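K.L.:
show me the folded form of this:
(chains A and B)
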Amino acid sequence: MPVSISSSKLIYQSLKDVGVRLVSALPETWLVHLIRMAEEDREMQLVRLAKEEEGVGISAGAHLAGVSSAMLMQNHGFLASVNGIVSCAQLYRIPLLMLISHRGEFGERDPWQTEGGGVTIHVLDALRIPHARLESPDHVGTRIHKAHTLAKSASRPVALLLCRDLMWEEA
Amino acid sequence: MKRRDAMEAVYGQLDRCVVVTIMGAVAAELQSIGHRPNFFYLQHAMGLASSMGLGIALARPELKVVVFDGDGSILMNLGGLTTLARYRPRNLVHVVFDNESLLSVGGFPTATSTGSDIAGMALAAGIARASTVRTLDAFRAAFFDALATDDLTTIVAKVEAVGPSGYVTDLSLLENRYQFQRYLREARSVER
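P.N.:
Predicted coordinates:
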């Protein structure tokens, strides 16, 4: 499976560097290495979810209790979380750090992933959630750091889109 | 059993706990009994009170966390029962007030009115300590037992579909949120 191990390591280390100690996740192909890294790291609490919206509540609780967290999900999982984002994280000013694997863009081979790619950014904009793309390894450290900084200072959700050119190494 | 009476019966124990409630009657009634800085009322996001409780319980294992949930809310997040069971936070007491109704929006019956069994679903999800209580004495006993036991417990309390006359209270949402966060921060510094 050509999911980039080196990019996954870079992302994971950047999350650790900004102080993330709890990660909620639902498996998706591009996230497999990140989830495994969280699972094998004794300093990290991994919470495997049944549905992504749960992660909003878990991150909200962790934040109020003093623990920094991140959500790992596919863009379809983000779409499944919208009410929780609006009526928990935005209503209560919770700094969510969302890492969203941005499936369905140019190069997507799975027909079932193609609708989500076209609407994700529009939904983020409609929700007034600041977002940035991670497309190459040199984006990772600085953008995760800046996204985390804004999430904290604004007390609002922010999103980083994990893009194909970063996550997928064509064989 | 009335939900307000049930909360009043255990109110004296709640000052040692961190409490997360759902919206509607539960939030309004607990505030009418008496708000405390360690109480957080999730006034929307139906279904996520139990997930918030899990987040707090995992982040702060030294604290006892109590969630006051409802049938309408937990039915929106049944998958969350499997997540609770999977991580089994031993410091979490999950109370579901089951009035078989969506009371605050007109009393429409939920599926528990036609036989869906929340405690049964919690047990099947893997929460071994899950039970249903139908009287105030049984609720009080189950709650005290859960507080004294170092394990995840789900208590489904069958209550009457009656609530307060209104749901908006004097406590603003963000005031509650920041007060609660400050309480959790100070609870940490006291221990150290």
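K.L.:
let me know the pLDDT of B:R192.
P.N.:
We have a pLDDT of 46 for B:R192.
K.L.:
check A:S59 too.
P.N.:
98.
K.L.:
which ones are touching residue 86?
P.N.:
Unless you meant another one, I'm taking chain A. A:V86 makes contact with A:L127 under the criterion CB atoms under 8 Å, 6 or more residues apart in numbering or on different chains. For the C-beta atoms, the positions are set from N, CA and C on the backbone; glycine is no exception.
K.L.:
I was after chain B.
P.N.:
A:48, B:126.
K.L.:
mind checking the SS state of it?
P.N.:
Following DSSP: H, G, I helix; E, B strand; the rest coil, B:R86 is assigned to helix.
K.L.:
same deal with A:A50?
P.N.:
Of the three states, A:A50 takes coil under three-state DSSP.
K.L.:
hmm, B:A85 and it touching each other?
P.N.:
No - with contact defined as CB atoms under 8 Å, A:A50 does not reach B:A85; the gap is 10.4 Å.
K.L.:
hey, what's the residue nearest the centre of chain B bridged with?
P.N.:
The residue lying closest to the centre of chain B (CA atoms, centre = their mean) is B:F68, at 1.3 Å. Beta-bridge partners for B:F68, by DSSP bridges, are B:T21, B:V95.
K.L.:
can you pull the contacts of it?
P.N.:
Neighbouring residues of B:F68 by CB under 8 Å, 6+ apart: B:7, B:19-22, B:26, B:30, B:49, B:95, B:97.
K.L.:
pull the most distant pair out of these.
P.N.:
Within the contacts of B:F68, B:M7 and B:A49 form the most distant pair, 14.4 Å apart (CB to CB).
K.L.:
ok, the two, which is more surrounded?
P.N.:
Remark: of B:M7 and B:A49, B:A49 carries more neighbours, 30 against 24, as counted by other CB atoms under 10 Å in any protein chain shown.
K.L.:
right, and the more buried one touches B:T21 too?
P.N.:
Yes - using CB under 8 Å, B:A49 is in contact with B:T21, at 6.5 Å.
K.L.:
determine the longest helix present in chain B.
P.N.:
helix B:173-191 (DSSP state H).
K.L.:
can you list residues touching both of B:A49 and B:T21?
P.N.:
Common contacts of B:A49 and B:T21 (CB under 8 Å, 6+ apart): B:42, B:67-68.
K.L.:
in the chain, which ranges drop under the pLDDT threshold?
P.N.:
Just so you know, I chose chain A. Applying pLDDT under 70 to chain A flags residues A:1, A:171.
K.L.:
my bad, chain B
P.N.:
For chain B (pLDDT under 70), the answer is B:189-192.
K.L.:
show the residue spans covered by the strands in it.
P.N.:
Ranges of strands in chain B, per DSSP state E, are B:17-21, B:39-41, B:64-70, B:92-98, B:101-102, B:108-109, B:129-133, B:153-158.
K.L.:
just say which of those is most tucked in.
P.N.:
strand B:92-98 (a mean of 28; mean count of other CB atoms under 10 Å in any protein chain shown).
K.L.:
hang on, isn't A:W168 packed against A:S7?
P.N.:
No - with contacts counted by CB under 8 Å, A:W168 stays clear of A:S7, the gap being 9.1 Å.
K.L.:
which of those two has more neighbours?
P.N.:
Neighbour count, other CB under 10 Å: between A:W168 and A:S7, A:S7 has more, with 23 against 19.
K.L.:
I'd assumed that one was in a helix, is it?
P.N.:
Yes - the assignment for A:S7 is a helix, going by three-state DSSP.
K.L.:
show me the contacts for it.
P.N.:
For A:S7, the contacting residues are A:137, A:140, A:166-167, by CB under 8 Å, 6+ apart.
K.L.:
mind checking which of those are buried?
P.N.:
A:140, A:166-167 (16 or more other CB atoms under 10 Å in any protein chain shown).
K.L.:
just give me the closest of these to A:V82.
P.N.:
Among the buried ones among the contacts of A:S7, and counting by CB to CB, the member closest to A:V82 is A:M167, at 23.0 Å.
K.L.:
separation between the closest one and A:S7?
P.N.:
Counting by CB to CB, to the nearest Å, the separation of A:M167 from A:S7 is 6 Å.
K.L.:
near chain A, which residues of chain B?
P.N.:
Contacts of chain B with chain A, taken as CB under 8 Å from any CB of the partner chain, map to B:20, B:40, B:42-45, B:47-60, B:63, B:77, B:79-80, B:82-83, B:86-87, B:173-174, B:177, B:180-181, B:184-185, B:188.
K.L.:
let's see 6 Å
P.N.:
Residues of chain B lying close to chain A (CB under 6 Å from any CB of the partner chain) are B:44-45, B:48, B:51-52, B:54-56, B:58-60, B:79-80, B:82-83, B:177, B:181, B:184.
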